[in-house]
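*Asks:* Sequence and predicted structure are below.
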Amino acid sequence: MLRVVQYNIHRFLHPSNSKKSTLNDIVSSLKLLSPDVLALNEMDVTTSPTALNDLSQHLKLPHVEFYGHVRQRYGNAILSKFPLKRVVATQLNGGTSVSFPPGTVKLNGDISKEGETHQIVRGLLVCELKLPSVKVYIGCTHLDHIDIQQRKIQLKHIQEIFQNINETKPIILTGDFNALNREDYTDSQWNVLEKIADENNWNQPSFGDLLQLTSDGFIDSGTINSPTMFTAPTSEPKYRIDYLWTKNSPSIEINCLSHQVDTNISFSDHFPICVDLEFTCKNARL
């Protein structure tokens with residue numbers, strides 16, 4: 001069995017107090033889950049320079065890969081009990097362009113100017129995970145949070161990457177997809193999301209982008225054998241936007257044994273998901 005924990009850690013900063021570090025609380029909480037692999041979004045090596053080392057040591061995950069797609073400081077990370085070999089680390093195509101009022105201090109410390117626009121860049125980190133009996137590709141990503149069309153562009157890019165590198169190995173793809181599956185929501189729950197979008201002048205909630213993955217053979221672990229649970233925000237969960245997907249190879253099948261959202265770990269604006277996987281080859285358990 002392989003236990004994978006996926007977590008958007010919000011830079012290890014408390015969602016209601018950006019000056020409060022959550023690193024120690026998160027390390028202690030994740031230790032109770034005993035992950036074999038930990039995939040992280042919003043990892044910032046400037047706000048939490050010791051985080052990867054602390055997680056590696058305390059969770060006994062000695063193999064670490066980090067890709068900072070924003071100025072080498074902010075991005076996605078994968079930590080593992082088993083050997084990792086980086087295969088792909090790249091900025092994804094697409095991304096919404098936004099503008100800030102002149103004089104706004106951006107997260108990177110720059111001051112926005114009149115007429116300046118900023119493209120929201122997203123990244124993908126893919127590693128080969130060498131388990132005792134099988135090699136697996138594992139990818140960690142974080143998709144555009146504003147526009148479904150940009151997510152479709154990014155998902156197409158991810159599909160193309162795996163098509164180019166896949167050497168008959170099974171695939172695990174995890175991350176904060178910022179995407180919605182309409183079947184996860186009742187009509188009344190969906191109406192709440194529409195009302196929230198109206199009140200905040202956001203794009204209306206949309207769905208369908210994840211079909212690009214299901215039509216390509218990817219399986220959503222959250223629909224296998226457990227009830228769907230929302231992953232964000234932790235203050236009042238309304239959205240399921242954190243996912244783990246699997247794709248079988250011609251000779252190896254990935255079976256999801258359990259998929260859980262740990263609502264006890266609320267130090268970010270997301271809850272972590274904890275997924276147990278099993279690998280089967282020619283009807284034999286690996």
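*Replies:* Arrived safely.
*Asks:* Could you list the low-pLDDT ranges of the protein?
*Replies:* Residues of the chain meeting the criterion pLDDT under 70: 106-109, 224-228, 282-286.
*Asks:* Just the C-alpha atoms of the lengthiest helix in it, please, in PDB.
*Replies:* As assigned by DSSP state H, the longest helix anywhere in the chain is helix 148-165. The C-alpha coordinates for helix 148-165 follow below in PDB (Å, rounded to 0.1, in the frame of the first residue of the first chain):
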ATOM      1  CA  ILE A 148     -12.100  27.600 -16.700                       C
ATOM      2  CA  GLN A 149     -10.700  28.200 -20.200                       C
ATOM      3  CA  GLN A 150      -7.200  28.700 -18.700                       C
ATOM      4  CA  ARG A 151      -7.500  25.500 -16.800                       C
ATOM      5  CA  LYS A 152      -8.400  23.700 -20.000                       C
ATOM      6  CA  ILE A 153      -5.300  25.000 -21.600                       C
ATOM      7  CA  GLN A 154      -3.200  23.900 -18.600                       C
ATOM      8  CA  LEU A 155      -4.900  20.400 -18.400                       C
ATOM      9  CA  LYS A 156      -4.100  19.900 -22.100                       C
ATOM     10  CA  HIS A 157      -0.500  20.800 -21.500                       C
ATOM     11  CA  ILE A 158      -0.300  18.300 -18.600                       C
ATOM     12  CA  GLN A 159      -1.800  15.600 -20.800                       C
ATOM     13  CA  GLU A 160       0.700  16.300 -23.500                       C
ATOM     14  CA  ILE A 161       3.600  16.100 -21.000                       C
ATOM     15  CA  PHE A 162       2.500  12.700 -19.800                       C
ATOM     16  CA  GLN A 163       2.000  11.500 -23.300                       C
ATOM     17  CA  ASN A 164       5.500  12.500 -24.200                       C
ATOM     18  CA  ILE A 165       7.200  10.900 -21.100                       C
END
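*Asks:* Show residues contacting it.
*Replies:* 87-88, 90, 92-96, 122, 124, 126, 137, 139, 141, 143-144, 171, 173, 177-179, 203, 206-210, 212-213, 216, 247 (C-beta atoms under 8 Å, 6 or more residues apart in numbering). Where C-beta positions appear, they are placed from N, C-alpha and C, glycine not excepted.
*Asks:* Put the buried members of those into a PyMOL selection.
*Replies:* Restricted to buried positions by 16 or more other C-beta atoms under 10 Å, the PyMOL selection for the contacts of helix 148-165 reads:
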select buried, resi 87+88+92+94+95+96+122+124+126+137+139+141+143+144+171+173+177+178+179+209+210+212+213+247
